Structures are given as C-alpha cells and as structure tokens.
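> Predicted model, plus sequence, below.
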Amino acid sequence: MPLLDCCTNRFAILSRAAAKSFAAKVRRVGMGARSADWARRASICETCHLRAIVRGVSYCGTPLLRQIDRDPVLHGCGCPTRAKAQSPGEHCPLTIRNLPATHPDGRCDCKWCES
C-alpha cells in the first residue's frame with residue numbers, strides 16, 4: 001500500500017501543477033484573474049534565496065518536474081515565479097524570516113502578505 005500512496009500523491013501534485021499551468025496560459029492570453037500587485041510579488045521572489053533560473057525562466061526552487069517530492073520550505077514549490085506571482089490564489093511558502101508560512105485565524109504570514 002505505501003507504493004500506491006506514493007503514486008497517488010505524485011498524481012495529485014502533477015494534477016495541481018497542470019491546472020496551475022493551464023491557468024497561467026489563460027492569464028497570458030489576457031483572460032482570467034491576475035493579482036493586482038503581481039509585480040511586487042514577483043520582485044520579492046527575485047530576491048529569494050530559493051530562486052533558481054533554468055533556461056532563462058525564474059523558478060521558486062528547482063522546477064517541479066526535476067524534483068516532484070519536495071518540502072516547499074527547503075526546496076521551493078517549483079513554480080515559475082512570474083506565473084505564481086500573477087495568480088491571485090497563490091502564496092509564498094515562506095515568511096519574511098524564511099520559516100514556513102502559516103495561516104493562523106485565516107490570516108497569511110507569507111512574504112507576499114506581510115511585506
């Protein structure tokens with residue numbers, strides 16, 4: 001059974017990534033919601049120690065497909081930072097102190113929400 005759990009978890013991760021990728025493509029053609037302060041959010045990502053540039057694209061850590069099993073606090077989420085910053089529903093996985101972001105009482109303490 002543990003093998004099945006691993007496959008199910010990876011399928012869920014890849015399914016979410018595919019949905020996020022599709023939403024980013026929809027935003028790129030001018031449809032879909034875009035965060036009003038996405039440029040500020042993207043600039044925060046560009047100064048993060050987790051940021052990686054692969055083939056000219058800035059990522060939150062290494063790209064997801066290069067490392068599917070990851071801890072977002074240690075390895076980033078693997079999303080392209082610009083697309084992640086433009087998504088209104090996304091949040092940074094870290095706080096200003098580079099600790100895991102939390103949502104106590106419905107209030108987010110991630111780098112994007114606290115700066």
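Everything's here; your move. Numbers count the residues shown, from 1 in each chain.
> Please count neighbours and contacts with C-alpha atoms only from this point.
Will do.
> Which parts of the chain are helices?
2-28, 38-46, 72-75, 81-86, 111-114 (DSSP state H).
> pLDDT-wise, which helix or strand of this protein ranks last?
helix 2-28 (a mean of 72; mean pLDDT, DSSP states H and E).
> which non-adjacent residue is nearest residue 83?
Using CA to CA, 6 or more residues apart in numbering and skipping residues adjacent in sequence, the residue nearest residue 83 is residue 24, 5.8 Å away.
> residues touching the one you found, list them.
Residues in contact with residue 24 (CA atoms under 8 Å, 6 or more residues apart in numbering) are 83, 86, 87.
> Among the residues you listed, which one lies nearest to residue 44?
Nearest to residue 44 out of the contacts of residue 24 is residue 86 (CA to CA; 12.6 Å).
> Look up how far residue 106 lies from that closest one.
21 Å (CA to CA, to the nearest Å).
> Between those two, which has more neighbouring residues?
residue 86 (22 against 7; other CA atoms under 10 Å).
> Verify the contact between that one and residue 35 for me.
Yes. Counting by CA atoms under 8 Å, residue 86 touches residue 35, with 5.1 Å between them.
> for the chain, which spans come out with low pLDDT?
1-8 (pLDDT under 70).
> could the helices of the chain go into JSON lines alongside distance to residue 52?
Listed next are the helices of the chain as JSON lines, based on distance: least, CA to CA, whole Å:
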{"stretch": "helix 2-28", "distance to residue 52": "18"}
{"stretch": "helix 38-46", "distance to residue 52": "9"}
{"stretch": "helix 72-75", "distance to residue 52": "10"}
{"stretch": "helix 81-86", "distance to residue 52": "9"}
{"stretch": "helix 111-114", "distance to residue 52": "17"}
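> Check those helices for me and report the most buried one.
Of all these, helix 81-86 carries the top mean neighbour count, a mean of 23, counting by mean count of other CA atoms under 10 Å.
> so who does the residue nearest to residue 88 when sequence neighbours are not counted touch?
Closest residue to residue 88 apart from its sequence neighbours, by CA to CA, 6+ apart: residue 35 at 4.5 Å. Applying CA under 8 Å, 6+ apart, we find residue 35 in contact with 85, 86, 87, 88.
> Good, we can wrap up now.
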